[in-house]
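S.K.: the sequence isn't on hand, but the structure is:
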Ligand SMILES: Nc1ncnc2c1ncn2[C@@H]1O[C@H](COP(=O)(O)OP(=O)(O)OP(=O)(O)O)[C@@H](O)[C@H]1O
């Protein structure tokens with residue numbers, strides 16, 4: 001087995017790796033780093049959690065240390081959270097270089113990003129949409145001298161899924177020099193190999209880990225066959241069992257939609273499970289905050305949509321539950337790959353209804369592995385069924401009300417943007433106006449109160465006067 005020195009890695013980088021507990025290269029690092037260091041384009045396909053990130057971070061940093069300038073390297077990735085994770089790896093390993101990185105993702109302040117870009121960071125880590133926006137609207141930075149283009153989760157970037165990056169990628173590729181090194185990595189490259197090869201210029205070096213299976217051996221893959229109506233009772237039962245049996249545990253539950261994600265979070269919280277969510281309808285700052293709390297084990301359960309299915313590296317995750325059977329095998333591969341990373345053990349449990357059995361067959365075929373049934377005492381599940389379903393219904397009703405407000409808010413924000421206004425500024429302005437209105441109302445109420453008090457006092461005085469006059473009249477009559 002090779003060591004980092006024999007792959008041509010510099011001493012300072014080996015030292016950095018040692019400090020991070022990385023002593024020997026993984027196969028993807030062993031095979032991809034030498035051709036990258038030689039200047040070749042590279043397509044690396046290796047299982048989830050096998051160290052693909054370091055396979056490109058290390059050679060890029062080595063090259064950067066030999067000729068440091070900005071902007072030297074551009075990394076594209078499909079999700080914002082992943083962009084932060086990759087930038088962190090660059091920052092930690094590249095610390096002795098005084099590496100300057102810049103993260104360019106949607107949902108964050110564009111002006112601040114612009115400013116950072118203009119300061120010529122060594123490495124830019126970006127999601128395609130926001131970077132393309134910067135290229136279209138600004139001339140304060142240039143990507144024309146970059147030496148490395150890296151596409152992490154490259155197949156996702158190039159496929160035309162629900163988020164289609166094609167147009168943004170065209171803009172980005174148009175701003176890059178033809179002479180560059182292009183590195184593409186993913187655990188599922190092969191299905192988009194043709195498209196991927198068209199992005200690389202030189203005849204790329206292609207490396208795929210040789211293995212019968214597409215998932216790691218340390219992963220125990222299970223399924224539960226359940227009618228749709230009993231699914232949530234199974235979920236609650238599963239989590240309760242894990243909580244009872246393990247003191248140190250951490251679970252990711254994947255759902256199909258943002259709404260499911262939200263409802264399940266509310267429901268599990270009702271059962272006092274420490275749950276937090278991550279989906280695309282949340283504000284970016286909350287997405288980051290929730291992920292940090294989960295990573296720090298403040299919350300043990302993360303419920304997420306596929307926005308969290310790729311790349312996230314959270315070593316404490318022992319269990320992945322698929323609340324729905326993924327419609328595509330490759331989504332399954334990435335989801336279950338959030339556990340059993342870097343040689344650790346992990347379990348994945350996929351909820352399967354009678355309508356999803358063909359999907360399980362497709363998954364088994366693609367991964368070349370067999371899912372085993374997860375044994376559960378059905379009578380224990382049926383005991384909690386009514387309580388779980390009632391709780392779910394309550395949460396659905398509660399969410400419907402807020403959902404409506406949310407949609408309205410989104411609609412309003414869209415309208416403001418169309419009118420050329422900044423929704424954030426408008427919200428602040430509205431808040432200020434509301435404050436002034438409240439103060440005015442309070443002032444008016446106080447004046448009214450004091451007027452009413454004066455009037456009441458006047459009435460009392462008049463009443464007393466009248467009473468006194470009557471008494472005087474009465475006294476006069478009596479004296480006569
Ligand atoms: N040579 C190594 N030895 C031990 N651990 C390593 C090594 N290289 C990387 N790691 C660690 O392995 C973990 C997984 O690495 P990484 O996130 O790069 O996986 P990946 O292959 O990109 O997975 P995914 O396909 O899910 O994105 C990280 O915590 C990383 O620090």
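M.R.: Arrived safely, thanks for sending. Worth saying up front: this structure is predicted, and the values here are computed from it rather than measured. Numbers count the residues shown, from 1 in each chain.
S.K.: contacting residues around the nearest residue to residue 365 once chain neighbours are set aside?
M.R.: Leaving aside its sequence neighbours, residue 365 sits nearest to residue 329 (Cβ to Cβ, 6 or more residues apart in numbering; 7.4 Å). Bear in mind the C-beta positions are built from the backbone N, C-alpha and C, glycine included. Listed by Cβ atoms under 8 Å, 6 or more residues apart in numbering, the contact partners of residue 329 are 214, 362-363, 365-367.
S.K.: out of those, the closest to residue 223 would be?
M.R.: The nearest member of the contacts of residue 329 to residue 223, counting by Cβ to Cβ, is residue 363 at 9.3 Å.
S.K.: secondary structure element for the closest one?
M.R.: helix 357-367 (DSSP states H and E).
S.K.: and the average pLDDT for that helix is what?
M.R.: For helix 357-367, the mean pLDDT works out to 95.
S.K.: give me the contacts around the very next helix or strand once past that helix.
M.R.: Sequence order places strand 372-373 as the next helix or strand after helix 357-367, per DSSP H and E. Outside of strand 372-373, the residues within contact range by Cβ under 8 Å, 6+ apart are 220-225.
S.K.: any chance of those residues in JSON lines, plus neighbour count and secondary structure?
M.R.: Output for the contacts of strand 372-373, formatted as JSON lines (neighbours: other Cβ atoms under 10 Å; DSSP: H, G, I helix; E, B strand; the rest coil):
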{"residue": "220", "neighbour count": "16", "secondary structure": "strand"}
{"residue": "221", "neighbour count": "23", "secondary structure": "strand"}
{"residue": "222", "neighbour count": "16", "secondary structure": "strand"}
{"residue": "223", "neighbour count": "22", "secondary structure": "strand"}
{"residue": "224", "neighbour count": "22", "secondary structure": "strand"}
{"residue": "225", "neighbour count": "15", "secondary structure": "strand"}
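S.K.: what is the nearest of the residues you listed to residue 155?
M.R.: Of those, the one sitting nearest to residue 155 (Cβ to Cβ) turns out to be residue 221, at 21.5 Å.
S.K.: quick check, the closest one in contact with residue 348.
M.R.: Yes. Judged on Cβ atoms under 8 Å, residue 221 makes contact with residue 348 at a distance of 5.2 Å.
S.K.: between those two, which contacts overlap?
M.R.: residue 336.
S.K.: so residue 447, which of the three states?
M.R.: helix (DSSP: H, G, I helix; E, B strand; the rest coil).
S.K.: let me know how buried it is, in neighbour terms.
M.R.: 10 (other Cβ atoms under 10 Å).
S.K.: coming back round to it: among the contacts of residue 329, who's most crowded?
M.R.: Ranked by neighbour count (other Cβ under 10 Å), the contacts of residue 329 have residue 363 at the top, with 28 neighbours.
S.K.: tell me the residues of the stretch 51-200 of the chain that contact the ligand?
M.R.: 51-54, 187 (Cβ under 6 Å from any ligand atom).
S.K.: at 8 Å what do you get?
M.R.: Contact residues, the stretch 51-200 of the chain versus the ligand (Cβ under 8 Å from any ligand atom): 51-55, 82, 85, 89, 152-153, 185-187.
S.K.: and residue 261, that one's in a helix?
M.R.: Yes. Residue state for residue 261 (three-state DSSP) corresponds to a helix.
S.K.: check the offset of the helix or strand of the chain with the lowest mean pLDDT from the chain's centre.
M.R.: Sorting the helices and strands of the chain by mean pLDDT, DSSP states H and E puts helix 193-199 at the bottom, at a mean of 75. The chain centre lies 27 Å from the centre of helix 193-199; the measure is Cα atoms, centre = their mean, to the nearest Å.
S.K.: now do stretch 312-324
M.R.: With Cα atoms, centre = their mean, you get 13 Å for stretch 312-324.
S.K.: pLDDT on that stretch, on average?
M.R.: 96.
S.K.: so that stretch, near the ligand or not?
M.R.: Yes. Interface with the ligand: stretch 312-324 contributes 312-313, 315 (Cβ under 8 Å from any ligand atom).
S.K.: get me the contact residues on the stretch 301-450 of the chain for the ligand.
M.R.: 310-313, 315, 334, 337-338, 341-343.
S.K.: which among the residues you listed end up buried?
M.R.: Among those, those classed as buried by 16 or more other Cβ atoms under 10 Å are 310-313, 334, 337-338, 341.
S.K.: pLDDT below threshold where in this structure?
M.R.: Regions of the chain meeting the criterion pLDDT under 70 cover residues 1, 161-162, 191, 403-409, 411-412, 414-421.
S.K.: show me where it has strands.
M.R.: 42-45, 73-76, 101-104, 123-126, 148-152, 181-186, 205-208, 219-225, 251-254, 275-278, 301-304, 319-322, 346-352, 372-373 (DSSP state E).
S.K.: so what touches the fifth one?
M.R.: The reference is to strand 148-152. By Cβ under 8 Å, 6+ apart, strand 148-152 touches 52-53, 56, 60, 63, 72-77, 82, 86, 157-158, 176, 180-186, 199, 311.
S.K.: and the angle from that strand to strand 181-186?
M.R.: 10 degrees (axes from the mean of the first three to the mean of the last three Cα atoms, to 10 degrees).
S.K.: just checking: what are the partner strands of strand 148-152?
M.R.: Strand pairing for strand 148-152, determined by DSSP bridges: strand 73-76 (parallel), strand 181-186 (parallel).
S.K.: from the chain's centroid, how far away is the shortest one?
M.R.: Strand 73-76 has its average C-alpha position 19 Å from the chain's average C-alpha position, going by Cα atoms, centre = their mean.
S.K.: quick one: contacts of that strand?
M.R.: So strand 73-76 is contacted by 56, 60, 64, 83, 86-87, 90, 122-128, 131, 143, 146-152, 157, 169, 172, 176 (Cβ under 8 Å, 6+ apart).
S.K.: same thing with the last one?
M.R.: Contact partners of strand 181-186, identified using Cβ under 8 Å, 6+ apart, comprise 28, 32, 36, 39-46, 52-53, 55-56, 147-156, 196, 199-201, 204.
S.K.: hmm, which of those residues are the buried ones?
M.R.: Using 16+ other Cβ under 10 Å as the burial test, the contacts of strand 181-186 include 28, 32, 36, 40-46, 52-53, 55-56, 147-156, 196, 199-200, 204 as buried.
S.K.: just checking, residue 306 touches residue 332?
M.R.: No. Using Cβ under 8 Å, residue 306 is not in contact with residue 332, being 10.6 Å away.
S.K.: contacting residues around residue 351?
M.R.: 223-224, 226, 231, 234-235, 321-325.
S.K.: now, which of the residues you listed sits nearest the ligand?
M.R.: Nearest to the ligand, judged by Cβ to the nearest ligand atom, of those is residue 322 at 15.9 Å.
S.K.: so in terms of bridging, what pairs with the closest residue to residue 77 other than its chain neighbours?
M.R.: Counting by Cβ to Cβ, 6+ apart, residue 152 is the residue found nearest to residue 77 once chain neighbours are left out, at 4.7 Å. Residue 152 has the following beta-bridge partners by DSSP bridges: residue 185.
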